[in-house]
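Visitor: any chance you could fold what I've pasted below:
(chains A and B)
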Amino acid sequence: MEVIITRTQKRAIALMVLCTIFTSLGQILWKLGVNKYISNDIFSLLNIPFVLGFVSYGLGAVLMLIAFRRGELSVLYPIVATSYIWVSIISPRLFPDDFMNAWKWSGVIVILISVSILGWASSRKKKEEAPHG
Amino acid sequence: MVNLLAVLLVVIGSWAGSYGTFILKKGANLHTFWQIFRTKYFWWGVFLNAISIPFYIIALRLEQLSFVYPLVSINYIWTTWFSVKYLGEKMDRWKYLSLIGIIMGMVLIGIGS
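Guide: Numbers count the residues shown, from 1 in each chain, chains lettered A, B, ... in the order given. Alright, predicted model coming up:
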């Protein structure tokens, strides 16, 4: 019982992390697409990066839905914060006006630690709640 | 100088998105994976998440991605509130600690922006 519950929660957490990779990719693709936007020409938004952003976000949403069936919203949703890590690493490499500095790296590290605490505490709590023997 | 309109757009968009996420979770609790696509929970959840997107897109036009993206973490406050209030989930010290840590991380990234 203990092993099954813990694995379920861990699997849901892993699915949420995978979800954040797709949603981060979606955000970056949208930014690339929005940069191609020409004022007063809404059809200029129909470019490949912008459309692919929706596809990537959609895939992330499906993974999130699967994860939601296996755990608490208050545990799983904050894991979406892992997106900051992916975006902070990738964004400055793609957009010349974007940059990383000590403050941003500190923020990324604090978020990484916070999400790790959440995942660890969640698995630990489930173990304690499970019946013994 | 921070663009206040961008901040306002993110606050409204994040509320809509979080409420949509809460509805999706409610649907996921009540239905199987394939069933959920035929329920009002799924479509309302998708709709609310979808209407949050234009708010983010306009905010992205007004500010840098590295500033707008951390702001979207207001989502976590809304979502946690919905989890406790409407889904009956319990908060503990670790969840609070993580939530505060995520918001602190957001603030640090914001300062860096």
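Visitor: drop to CA atoms for contacts and neighbour counts, all remaining ones
Guide: Fine.
Visitor: ok, B:Trp78 - contacts?
Guide: By Cα atoms under 8 Å, 6 or more residues apart in numbering or on different chains, the contact list for B:Trp78 reads B:Ser14, B:Trp15, B:Ser18, B:Tyr19.
Visitor: and which of those residues is nearest A:Leu59?
Guide: Lowest distance from A:Leu59 to those (Cα to Cα) belongs to B:Ser18, with 18.1 Å.
Visitor: please produce TSV containing the contacts of B:Trp78, extended by distance to chain A, secondary structure and pLDDT.
Guide: Output for these, formatted as TSV (distance: Cα to the nearest Cα, whole Å; DSSP: H, G, I helix; E, B strand; the rest coil; pLDDT from 0 to 100):
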residue	distance to chain A	secondary structure	pLDDT
B:Ser14	13	helix	93
B:Trp15	14	helix	94
B:Ser18	10	helix	93
B:Tyr19	12	helix	95
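Visitor: turn those into JSON lines, including neighbour count.
Guide: Formatted as JSON lines, those follow (neighbours: other Cα atoms under 10 Å in any protein chain shown):
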{"residue": "B:Ser14", "neighbour count": "28"}
{"residue": "B:Trp15", "neighbour count": "21"}
{"residue": "B:Ser18", "neighbour count": "25"}
{"residue": "B:Tyr19", "neighbour count": "19"}
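Visitor: apart from its neighbours in sequence, what residue is nearest A:Pro78?
Guide: B:Tyr76 (6.0 Å; Cα to Cα, 6 or more residues apart in numbering or on different chains).
Visitor: I'd guess the one you found is in a helix, am I close?
Guide: Yes: under DSSP: H, G, I helix; E, B strand; the rest coil, B:Tyr76 falls within a helix.
Visitor: now the residue sitting nearest the centre point of chain B: how far from B:Ile12?
Guide: Of all residues in chain B, the one closest to the mean position by Cα atoms, centre = their mean is B:Asn75, 2.7 Å from it. Between B:Asn75 and B:Ile12 the computed distance is 10 Å (Cα to Cα, to the nearest Å).
Visitor: what helix or strand does residue 103 sit in?
Guide: All of this is about chain A. For A:Trp103, the host element (DSSP states H and E) is helix A:102-129.
Visitor: let's do chain B instead
Guide: helix B:93-112.
Visitor: the bottom helix or strand of chain B by mean pLDDT?
Guide: Within chain B, no helix or strand scores below helix B:65-71, which has a mean of 73 by mean pLDDT, DSSP states H and E.
Visitor: for A:Ile38, grab phi and psi.
Guide: The phi/psi pair for A:Ile38 (degrees, to the nearest 10) reads phi -110, psi 130.
Visitor: distance of the residue lying closest to it once chain neighbours are set aside relative to chain B?
Guide: With Cα to Cα, 6+ apart as the criterion, A:Ile38 has its nearest non-adjacent residue at 6.0 Å, and that residue is A:Ser44. Using Cα to the nearest Cα, to the nearest Å, A:Ser44 is found at 14 Å from chain B.
Visitor: on that earlier part again, B:Gly17 is in contact with the residue nearest to the centre of chain B, correct?
Guide: Yes: using Cα atoms under 8 Å, B:Asn75 makes contact with B:Gly17 at a distance of 7.4 Å.
Visitor: which helix or strand contains the closest residue to B:Thr39 other than its chain neighbours?
Guide: Of all residues beyond its chain neighbours, the one nearest B:Thr39 is B:Gly27 (7.6 Å), with distances taken as Cα to Cα, 6+ apart. Assigned by DSSP H and E, B:Gly27 falls within helix B:4-30.
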